[in-house]
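> give me coordinates for this.
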Amino acid sequence: MTTLDINGKSVDLDVDPQMPLLWAIRDHVALTGTKFGCGMALCGACTVHIDGTATRSCVTPIAAVVGKKITTIEGLVESPLGRAVQAAWVAENVPQCGYCQSGQIMSATALLATNKNPSDTDIDGAMTGNICRCGTYLRIRAAIKRAATSLA
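Below is the predicted model of the structure:
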């Protein structure tokens, strides 16, 4: 039995410790906002926070996160930063198909948690590896800036 802290709740899982965190979150905890994209940490759809750091859950084994705080897109609403980023996403009309958006938002909030006024270069660096097939990158950047302004 493995105990994980997911969105502030203690969750007991009877799974292989080498199972990718993504599958534990989706299949065993039933939090489906974190998406499977590539399975190789290349697209960012599976991004969650591990102790506040944006992390690709598709390649992170459960054993690596025991004793750490895991936050998914569902848990982000608990923080003012998460709510501000989600509101900015809506205001800037970022999503088109929406599939990548939970990973995009998770990376954006991790950036804003450490950099309250990011430059375009900062944003581009933090968001590298989060692929949006719809190409909403300019709206994503605008939403990050909007969220930063609203939190200032």
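
> state the phi and psi torsions of the nearest residue to Arg26 once chain neighbours are set aside.
Sequence neighbours aside, Thr32 is the residue nearest to Arg26 in space, at 5.5 Å (criterion: Cβ to Cβ, 6 or more residues apart in numbering). In this view, the C-beta of every residue, glycine as well, is placed from N, C-alpha and C. Taking degrees, to the nearest 10, you get phi -100, psi 10 for the backbone angles of Thr32.

> and what of Val11?
The phi/psi pair for Val11 (degrees, to the nearest 10) reads phi -120, psi 120.

> where does the closest residue to it other than its chain neighbours land in three-state SS?
Nearest residue to Val11 in three dimensions, chain neighbours excluded: Leu4, at 5.0 Å (Cβ to Cβ, 6+ apart). Reducing the assignment at Leu4 to three states with DSSP: H, G, I helix; E, B strand; the rest coil gives strand.

> what's the local residue count around Leu4?
Using other Cβ atoms under 10 Å, Leu4 has 22 other residues around it.

> how near is it to Gly125?
To Gly125, Leu4 is 29 Å away according to Cβ to Cβ, to the nearest Å.

> in which helix or strand would I find Cys38?
Using DSSP states H and E, Cys38 sits within no helix or strand.

> burial of it, as a residue count?
The burial count assigned to Cys38 is 14, neighbours taken as other Cβ under 10 Å.

> so what's it up against?
If a contact means Cβ atoms under 8 Å, 6 or more residues apart in numbering, then Cys38 has Ala45, Cys58 as its contacts.

> where does the prediction get shaky in this structure?
Along the chain, segments meeting pLDDT under 70 are nowhere present.

> what's near enough to touch the residue nearest to Asp120 when sequence neighbours are not counted?
What sits nearest to Asp120 in space, not counting adjacent residues and going by Cβ to Cβ, 6+ apart, is Arg141, at 6.5 Å. Contacts for Arg141 (Cβ under 8 Å, 6+ apart) come out as Asp120, Ile123, Asp124, Met127.
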